[in-house]
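*Asks:* fold the following.
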Amino acid sequence: MSVLDQFFAENTTSVHLQQDYFIRRKWWKPGEWKLETLEEETSKEFLMKIIDDIYIEISDDDRSFCEIDRKYSKVLQLGNYRIVVVLPPVSDCVEITIVRPLTRLTFEDYNLSEELVNLISENSKWILVAGSPGEGKTTFAQALVDFYSAQGKIVKTIESPRDLQVGNDVTQYSFSYAPHSEIRDILLLSRPDYSIYDEVRNPEDFQLYKDLRLTGIWLVWVTHATKPVNAIQRLIGIVEMGIIPEVVDTIFFIKWGKIDSTYILRHTVKVPHGMMSDDLARPVIEILDFFSNKVKYEIYSYWEEVVTIPIDEEKDAAAASKKAPLLKYAKSFVEDFIYSKYNFHILVEMKSERNVTLYCSDANKGKLIWKWWETIMQTEKELGFNISVRDINDLEKQQFLPETNFKRTNKKELCLEFGKDMAGEVAYLVSGNKMKTFAIDSRWMITIRNNKDINIINGAGSFWVVL
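*Replies:* Numbering: from 1, shown residues only. Alright, predicted model coming up:
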């Protein structure tokens, strides 16, 4: 029995002893914290006696040790207890804080889905465990240690201080008596299958984690964060943005002792969400929800800053639905305006309320750019839009309806049926570098009777209709 047992009751997770003040105990149950103040006060002599008794117990226990031994502050490990002692003049009085793990959960206690078990055991090699203080990050990391060890893997931990409760087959390393460079060399030479890096805090920790990951060691690291994305943001500025997905591929966010959310990282080159021009494409880190595969955040460089943008697809879709009638009217207005100005049809795509892309055949594109560019600039002023001109073949193919939808009624007629909601709309028939416009009639059909158009279509071998 330890001298510290007298201060702990069921569900007590920490005890706070302060000279000439009441004993305080913090206890926890799922969903609730509570601070309890006892009537008993502690004197300096009482606290110094407790410290002496702790040292005696440590000397008699091979598994207990002095983690950090400074003149006026000490971190001790006595069995399951982690003790922080602070003495004057670092503090204004003698203070002892004692923390113990409240529960030790097995991997099975988390009742993870088959997808998550496969992610942890097979598909994810660089796991980040994040959460607020006291939410159960270390408890989950400890369960991962037991899980990997039960699979016959060589597992080592990096802790400062060492407070994971692990089996004798797991070696625990600490920075208290070895610098980061020495721990790095030890791990590289000892070749563990998995390393658990508990409490990554300062730049040296992040740099060591990056070095170990890039050498190929499979890593799990634990850090404080109020949201999953905050943990990734802590890497920015310490680890180059371009290699963040190479050092972290999975985030487990822990809340109230459970996995609250799971995210995966993906590196891609794209136009960031909310931007319209293709010229703004850049490397983007996407943070996706593991189960829905929906992007929740994007991280990218904007000028000299690195920005993190939350993505709410449902909110964006609702906003786009409200704007749809206005954009449809603006699209029709621009089409009519351009036709009246230049006497040929173009396809208009409204990128936003102010950005418009004009798609036309290669010949007409050349006319717009080289012959009438000053007129286009004047048109921008007249309409209040930013206009860009693209070749019709640059359109994304998902906007096209393929040739197989056409019905050839006879050699002189070509028909295409649409849905009933399309009556009165305009469709653009694209063949090679040529484009023609057709109105969808009240029968929801386009009927092509012009022999020249039919011959062009037949000769092209393929054609598209853009709606």
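*Asks:* the most centrally placed residue in the chain and Leu47: what is the separation?
*Replies:* The residue lying closest to the centre of the chain (C-alpha atoms, centre = their mean) is Ile287, at 2.6 Å. Here Ile287 is placed at a distance of 47 Å from Leu47 (C-beta to C-beta, to the nearest Å). The C-beta positions use only the backbone N, C-alpha and C, and glycine is treated the same way.
*Asks:* which secondary element of the chain has the worst mean pLDDT?
*Replies:* Ranking every helix and strand in the chain by mean pLDDT, DSSP states H and E puts strand 400-401 at the bottom, with a mean of 48.
*Asks:* doesn't Lys367 fall inside a helix?
*Replies:* Yes - counting by DSSP: H, G, I helix; E, B strand; the rest coil, Lys367 is located in a helix.
*Asks:* can you map out the strands along the stretch 151-300 of the chain?
*Replies:* In order along the chain, the stretch 151-300 of the chain carries the following strands (DSSP state E, counting those that start in this stretch): 155-158, 171-173, 194-197, 218-224, 250-255, 258-270, 282-289, 295-302.
*Asks:* and those strands as TSV, adding distance to Asn355 and mean pLDDT?
*Replies:* Formatted as TSV, the strands of the stretch 151-300 of the chain follow (distance: least, C-beta to C-beta, whole Å; pLDDT from 0 to 100):
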stretch	distance to Asn355	mean pLDDT
strand 155-158	50	89
strand 171-173	55	87
strand 194-197	46	88
strand 218-224	40	87
strand 250-255	34	91
strand 258-270	17	90
strand 282-289	18	91
strand 295-302	18	89
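*Asks:* possible to save these as TSV with distance to Val348?
*Replies:* Below are the strands of the stretch 151-300 of the chain laid out as TSV (distance: least, C-beta to C-beta, whole Å):
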stretch	distance to Val348
strand 155-158	59
strand 171-173	64
strand 194-197	54
strand 218-224	49
strand 250-255	42
strand 258-270	23
strand 282-289	26
strand 295-302	28
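*Asks:* go through those and name the closest to Ile440.
*Replies:* Shortest separation from Ile440 across the strands of the stretch 151-300 of the chain is recorded for strand 258-270, at 33.2 Å, computed as C-beta to C-beta.
*Asks:* strand partners (parallel or antiparallel) of the closest one?
*Replies:* Using DSSP bridges, the neighbouring strands of strand 258-270 in the sheet come out as strand 250-255 (antiparallel), strand 282-289 (antiparallel).
*Asks:* looking at these, which is buried most?
*Replies:* Using mean count of other C-beta atoms under 10 Å, the stretch among those with the greatest mean number of neighbours is strand 250-255 (a mean of 22).
*Asks:* picking up where we left off before, tell me which of the strands of the stretch 151-300 of the chain sits nearest to Phe140.
*Replies:* Between Phe140 and the strands of the stretch 151-300 of the chain, the tightest spacing by C-beta to C-beta is seen for strand 250-255, at 5.5 Å.
*Asks:* and the nearest residue to Leu35 once chain neighbours are set aside, how many neighbours?
*Replies:* Sequence neighbours aside, Lys26 is the residue nearest to Leu35 in space, at 5.3 Å (criterion: C-beta to C-beta, 6 or more residues apart in numbering). Burial of Lys26, expressed as a neighbour count using other C-beta atoms under 10 Å, amounts to 16.
*Asks:* go on, Glu67?
*Replies:* Neighbour tally, Glu67, other C-beta under 10 Å: 21.
*Asks:* ditto for Arg234
*Replies:* Counted with other C-beta under 10 Å, residues neighbouring Arg234 total 19.
*Asks:* quick check: it vs Asp205, distance?
*Replies:* As judged by C-beta to C-beta, Arg234 and Asp205 stand 10 Å apart.
*Asks:* picking up where we left off before, so for His345, which of the strands of the stretch 151-300 of the chain sits nearest?
*Replies:* strand 258-270 (30.6 Å).
*Asks:* and the gap between the nearest residue to the residue nearest to the centre of the chain once chain neighbours are set aside and Tyr209?
*Replies:* Nearest residue to Ile287, sequence neighbours excluded (C-beta to C-beta, 6+ apart): Tyr297, at 4.1 Å. Distance from Tyr297 to Tyr209, counting by C-beta to C-beta: 21 Å.
*Asks:* cool, Val334 as well?
*Replies:* 53 Å.
*Asks:* with Gln165 instead?
*Replies:* In this structure, Gln165 and Tyr209 are 22 Å apart, going by C-beta to C-beta.
*Asks:* and these two? which has more neighbours close in?
*Replies:* Higher neighbour count among Gln165 and Tyr209: Tyr209, with 27 against 14, using other C-beta under 10 Å.
*Asks:* surely the more buried one meets Val200?
*Replies:* Yes - counting by C-beta atoms under 8 Å, Tyr209 touches Val200, with 5.8 Å between them.
*Asks:* how many neighbours does Lys137 have?
*Replies:* With other C-beta under 10 Å as criterion, Lys137 counts 24.
*Asks:* let me fix that: Asp391
*Replies:* Each residue near Asp391 was counted by other C-beta under 10 Å, and the total is 14.
*Asks:* can you tell me, leaving aside adjacent residues, what's nearest to Gly257?
*Replies:* The nearest residue in space to Gly257 (C-beta to C-beta, 6+ apart) is Gly136, at 3.9 Å.
*Asks:* now do the helices in the stretch 101-250 of the chain.
*Replies:* Here the stretch 101-250 of the chain has its helices, by DSSP state H, counting those that start in this stretch, at 114-118, 137-150, 180-190, 203-214, 228-233, 244-247.
*Asks:* any chance of those in CSV, plus mean pLDDT?
*Replies:* Below are the helices of the stretch 101-250 of the chain laid out as CSV (pLDDT from 0 to 100):
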stretch, mean pLDDT
helix 114-118, 89
helix 137-150, 88
helix 180-190, 88
helix 203-214, 83
helix 228-233, 86
helix 244-247, 84
